[in-house]
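**Student:** turn this into a structure:
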Amino acid sequence: MLSDDAAVVDETRATVVTTGTRADRFTSFARDRSPELSRIAYLLCGDVHRASDLVQLALERTYRAWNRVGDGDPFAYARRIIATARIDSWRRTKHDVLVAPTDLRPGSAPDGTQHVVDRDELVRALRQLPAGQRRVVVLRYLLDRTEKQTAEDLGISVGAVKSGASRGLDRLREVLGKGNPRSATTDGTPSRKEAQS
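**Tutor:** From the prediction side, this is the model:
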């Protein structure tokens, strides 16, 4: 039970405890938000072990800054740390070492698990995007961030977010076999450019 001094941020997501010691409040935050942070890190890097390292780094840095961010939005702070740390690691190595899509689970699944299969297909498709486009698509569409928020989180311009999102979504459609809606007319017939080729 929470006391009357606790503030409910979003009943479906998590509760931020505003009473107790600094360590108690941080422990509550880490316990409640670690699954979401893990999901974000995994979608950004595509590797379970690297994602775990990113979450550990984010929680450690968030704890050190808890006096500044604990009463504000520590989840946003931790999310930003994950995105920044992922960018930094990519800059250091200049390449991503991802698991090949063929090494992932097979695509077939028993009835009732279509959601899991769809999610697996999406993660495979995200892994095929360039790192910059993947970051923009994950923040913009999977985390429902605005263009401005995504630009601030990644340290890029709003125009770069728009073009990265557009190119990333086009590539996802291609990879997922949905086709490019821009290449067909509104009635589904091929565009004039396609018909000429």
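**Student:** quick check: which ranges of this structure have low pLDDT?
**Tutor:** Scanning the chain for pLDDT under 70 picks out 1-19, 93-116, 179-197.
**Student:** residues of the top helix by length along the chain that come out buried?
**Tutor:** Counting by DSSP state H, the longest helix found in the chain is helix 22-45. Using 16 or more other Cβ atoms under 10 Å as the test for burial, helix 22-45 gives 25-26, 28-30, 32-33, 36-38, 40-45. C-beta coordinates here come from the backbone N, C-alpha and C atoms, glycine included.
**Student:** in terms of secondary structure, what does that helix contact?
**Tutor:** In terms of contacts (3 or more Cβ pairs under 8 Å, 6 or more residues apart in numbering; DSSP states H and E), helix 22-45 is packed against strand 14-16, helix 48-64, helix 66-69, helix 74-93, helix 114-127, helix 131-137.
**Student:** any idea which of the ones you listed is most buried?
**Tutor:** helix 131-137 (a mean of 22; mean count of other Cβ atoms under 10 Å).
**Student:** Glu174 versus Leu139, what's the distance?
**Tutor:** Going from Leu139 to Glu174 by Cβ to Cβ, to the nearest Å gives 21 Å.
**Student:** one step back: from the buried residues of helix 22-45, which is closest to Tyr63?
**Tutor:** Proximity of these to Tyr63 was ranked by Cβ to Cβ; the top entry is Phe26 with 5.3 Å.
**Student:** you'd agree that closest one is up against Arg61?
**Tutor:** No. The pair Phe26 and Arg61 fails to qualify as a contact (Cβ atoms under 8 Å) at a distance of 11.7 Å.
**Student:** out of the helices and strands packed on helix 22-45, which is closest to Ser163?
**Tutor:** The nearest among the helices and strands packed on helix 22-45, by Cβ to Cβ, is helix 131-137 at 8.8 Å.
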